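Colleague: heads up, no residue letters with this:
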């Protein structure tokens, strides 16, 4: 026992949490031996804390203003609310840097032996904060002891009817711990709160179904591509190209090619046919005018003599026509005065076959081989 002031200081220090008589005695003698200025700053700090520091009006955390720094931070997620026992728990969770929501400090736990009930905690303020529709989930972060379990059970029964999502911090084996040294309660909670790494056959079955579905889709795409190629193959193909059939390669001759495929000659120009036929007739007239034999001249004279007298004029002209001199009329006059050429049935049939036949051979689908010559059907 010490005298007066020293004993009073030891008694007051012993009332602090976690400080026993021996610790209070060591702290008291440290204060006696310390510098007076240092002890004055300690006394001033204690006095300032009691006069200027209060609790946040919204969450209950310690703050020198009406709202703490976390409640004033607009970057925090307002949809998640973490309920803790003391302000020191807020600091512990913030050190993890894994939580970005907001907090609510109850100010303790339900402890009937210590005379602390729900009325002494900030539970009414918690229910009032749930009026904010932005809150979607509440995390109960109480200590895993008897008082913390009682408080979490009380809050869960009260908040479940409100329709808000509730969750609890997982509890189990500590990081770096051994199973043989874990107690039954800790190991049981670790088993209850185990995490699923893989769903096993269910996930594999789903992956197999997805693989089969992708294969079916690819097969359908291949079938559609094959059908499109078949339809394109059925359409009219480009034929053998030559300078004399350039007009058939244009878009305007598409209809003519369709008619030709049906056996109707629709791509030949009538003007071109007439020109070819006219040249053939002129060429035949020239050959008949140049190759006149004596026998033909005699036949001509005989025909003239055998012609009956049609009148006086014809009788006068008869001697002139029976003359044995060959006709000296120019070849051009003979072509003009020549009678219409008679076309044999074979010649007409040949013209019709040319008109009805395709103009050119189809072009093969493969590239032309070296040394292969395509035959022009007109030659």
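Modeller: Cool, the structure landed. Keep in mind the model is a prediction, meaning the values are calculated, not measured.
Colleague: what is the mean pLDDT for the one helix or strand residue 217 maps to?
Modeller: Following DSSP states H and E, one finds residue 217 within helix 201-234. For helix 201-234, the mean pLDDT works out to 81.
Colleague: buried stuff in that helix?
Modeller: For helix 201-234, a neighbour-count test (16 or more other C-beta atoms under 10 Å) marks nothing as buried. C-beta: built from backbone N, CA, C; applies to glycine.
Colleague: same question, stretch 122-133
Modeller: Per 16+ other C-beta under 10 Å, stretch 122-133 contains these buried residues: 122-123, 125-126, 129.
Colleague: Would you format these as CSV with secondary structure included?
Modeller: Formatted as CSV, these follow (DSSP: H, G, I helix; E, B strand; the rest coil):
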residue, secondary structure
122, coil
123, helix
125, helix
126, helix
129, helix
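Colleague: now, which of these sits nearest residue 79?
Modeller: Closest to residue 79 out of those is residue 129 (12.5 Å), distances taken as C-beta to C-beta.
Colleague: so the closest residue to that closest one other than its chain neighbours bridges to which residues?
Modeller: In this structure, residue 129 finds its nearest non-sequential neighbour in residue 104, 6.6 Å apart by C-beta to C-beta, 6 or more residues apart in numbering. Beta bridges link residue 104 to residue 83 when assigned by DSSP bridges.
Colleague: Relative to residue 85, how far out is residue 104?
Modeller: Distance, residue 104 to residue 85, using C-beta to C-beta, to the nearest Å: 11 Å.
Colleague: that older thread, so which of the buried residues of stretch 122-133 would you say is closest to residue 78?
Modeller: Within these, the smallest distance to residue 78 is 10.3 Å, found for residue 129 (C-beta to C-beta).
Colleague: Contact partners for that closest one?
Modeller: With contact set as C-beta atoms under 8 Å, 6 or more residues apart in numbering, residue 129 has these partners: 58, 81, 104, 135.
Colleague: would a markdown table of the buried residues of stretch 122-133 with pLDDT and distance to residue 47 be doable?
Modeller: Below are these laid out as a markdown table (pLDDT from 0 to 100; distance: C-beta to C-beta, whole Å):
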| residue | pLDDT | distance to residue 47 |
| --- | --- | --- |
| 122 | 92 | 26 |
| 123 | 92 | 32 |
| 125 | 92 | 28 |
| 126 | 92 | 32 |
| 129 | 90 | 33 |
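Colleague: Taking those together, which two end up most distant?
Modeller: The largest separation in the buried residues of stretch 122-133, counting by C-beta to C-beta, is between 123 and 129 at 10.7 Å.
Colleague: Hmm, residue 172 is touching residue 195, no?
Modeller: No - in this structure, residue 172 is not within contact of residue 195 by C-beta atoms under 8 Å, at 10.2 Å.
Colleague: okay, the two: which has more neighbours?
Modeller: Each of residue 172 and residue 195 has its neighbours counted (other C-beta atoms under 10 Å); residue 172 has more, 17 against 5.
Colleague: Out of the contacts of residue 129, who's the most crowded?
Modeller: Among the contacts of residue 129, the one with the most neighbours (other C-beta under 10 Å) is residue 104, at 24 neighbours.
Colleague: Against residue 214, how distant is that residue?
Modeller: 49 Å.
Colleague: just residue 129 next, same as before
Modeller: For residue 129, the distance to residue 214 equals 49 Å [C-beta to C-beta].
Colleague: do residue 230 as well
Modeller: Taken as C-beta to C-beta, the span from residue 230 to residue 214 is 25 Å.
Colleague: so is residue 138 in a helix, a strand, or just coil?
Modeller: strand.
Colleague: can you pull up the bridge partners for it?
Modeller: residue 81, residue 166.
Colleague: That one: how many residues sit nearby?
Modeller: 24.
Colleague: which ones are touching residue 159?
Modeller: By C-beta under 8 Å, 6+ apart, the residues touching residue 159 are 130, 138, 166.
Colleague: mind redoing it with 10 Å?
Modeller: Residues near residue 159 by C-beta atoms under 10 Å, 6 or more residues apart in numbering: 83, 123, 126-127, 130, 138, 140, 165-166.
Colleague: residues of the one helix or strand it maps to that come out buried?
Modeller: Using DSSP H and E, residue 159 falls within helix 146-159. Using 16+ other C-beta under 10 Å as the burial criterion, the residues of helix 146-159 that qualify are 147-148, 151-152, 154-155, 159.
Colleague: got the angle between it and strand 80-84?
Modeller: 140 degrees (axes from the mean of the first three to the mean of the last three C-alpha atoms, to 10 degrees).
Colleague: Could you list the low-confidence segments of this protein?
Modeller: The chain contains residues with pLDDT under 70 at 1, 198-205, 235-270, 284-343, 357-379.
Colleague: so where do the strands sit in it?
Modeller: Along the chain, counting by DSSP state E, strands occupy 54-55, 62-63, 80-84, 102-105, 137-140, 165-168.
Colleague: what helices or strands is the last one leaning on?
Modeller: Using 3 or more C-beta pairs under 10 Å, 6 or more residues apart in numbering; DSSP states H and E as the contact test, the elements touching strand 165-168 are strand 80-84, strand 137-140, helix 146-159.
Colleague: Nearest to residue 37 among those would be which one?
Modeller: Shortest distance between residue 37 and these, using C-beta to C-beta, is found for strand 80-84: 37.7 Å.
Colleague: Counting by contacts, list what the closest one packs against.
Modeller: Judged by 3+ C-beta pairs under 10 Å, 6+ apart, strand 80-84 is in contact with helix 87-96, strand 102-105, helix 123-129, strand 137-140, helix 146-159, strand 165-168.
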